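In: Predicted model, plus sequence, below.
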Amino acid sequence: MIFDEAGNLYGLAQAGGKYSTGIFFRLAPGADDRWAYRVLHHFNGPRDGAYPIGQMVRDASGSLYGTGNLLGPYGYGTVFKLSPNPDGSWRFRVLYSFTGSDGAYPLGLVQDSAGNLLGTTVWGGAYGAGVVFEITP
């Protein structure tokens with residue numbers, strides 16, 4: 001989970017949602033010490049990945065990046081970007097879909113000082129034992 005400047009908390013759930021393949025959600029603090037819950041994206045397995053997992057990272061513009069551990073167009077997981085829109089909605093975009101030969105089943109991200117996204121997969125690659133990857137958003 002990750003906070004923004006306003007105190008909103010963003011997170012991923014590996015299951016549930018409209019397609020039972022995970023969600024991206026926000027918890028917003030309320031004046032009465034209660035949190036308002038809102039689903040911002042339902043993962044749709046074959047199209048954008050499924051079962052989001054691991055650490056998300058946030059860039060200076062407020063966009064969030066994460067990984068879908070399974071599915072996506074090739075079946076081996078995705079790296080995605082969620083960008084806030086002025087109306088409070090969020091735009092979802094797949095940045096990368098793993099094919100198996102380049103890694104499979106990513107486990108989250110970290111961000112370097114240049115803004116590049118780095119992560120690992122648990123399978124795939126040249127020897128079938130996973131890869132370390134870098135993506136420039």
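Out: Right, received. Where do you want to start?
In: The chain: helices as residue ranges?
Out: Here the chain has its helices, by DSSP state H, at 45-48.
In: For it, name the helix or strand with the lowest mean pLDDT.
Out: Ranked by mean pLDDT, DSSP states H and E, the weakest helix or strand in the chain is helix 45-48, scoring a mean of 86.
In: In it, which residues are buried?
Out: Within helix 45-48, the residues that qualify as buried are 45, 48, counting by 16 or more other CB atoms under 10 Å. In this view, the C-beta of every residue, glycine as well, is placed from N, C-alpha and C.
In: okay, residue 79: pLDDT?
Out: Note on residue 79: pLDDT of 97.
In: Who does the residue nearest to residue 49 when sequence neighbours are not counted form a beta bridge with?
Out: Sequence neighbours aside, residue 68 is the residue nearest to residue 49 in space, at 2.3 Å (criterion: CB to CB, 6 or more residues apart in numbering). Counting by DSSP bridges, residue 68 is bridged to residue 52, residue 78.
In: got the contact list for residue 68?
Out: Residues near residue 68 by CB atoms under 8 Å, 6 or more residues apart in numbering: 22, 43, 48-53, 77-80, 106.
In: run the last query once more with 6 Å
Out: By CB atoms under 6 Å, 6 or more residues apart in numbering, the contact set of residue 68 is 49, 50, 52, 77, 78.
In: where are the low-confidence patches of this structure?
Out: Counting by pLDDT under 70, the chain shows no low-confidence range.
In: Tell me the residue in it that is farthest from the middle.
Out: Using CA atoms, centre = their mean, the residue of the chain lying farthest from its centre is residue 32. It sits 30.1 Å away.
In: How many neighbouring residues does residue 120 have?
Out: Using other CB atoms under 10 Å, the number of residues around residue 120 comes to 17.
In: no wait, residue 87
Out: For residue 87, using other CB under 10 Å, the count is 6.
In: again with residue 31
Out: Other residues near residue 31 come to 5 when the count uses other CB under 10 Å.
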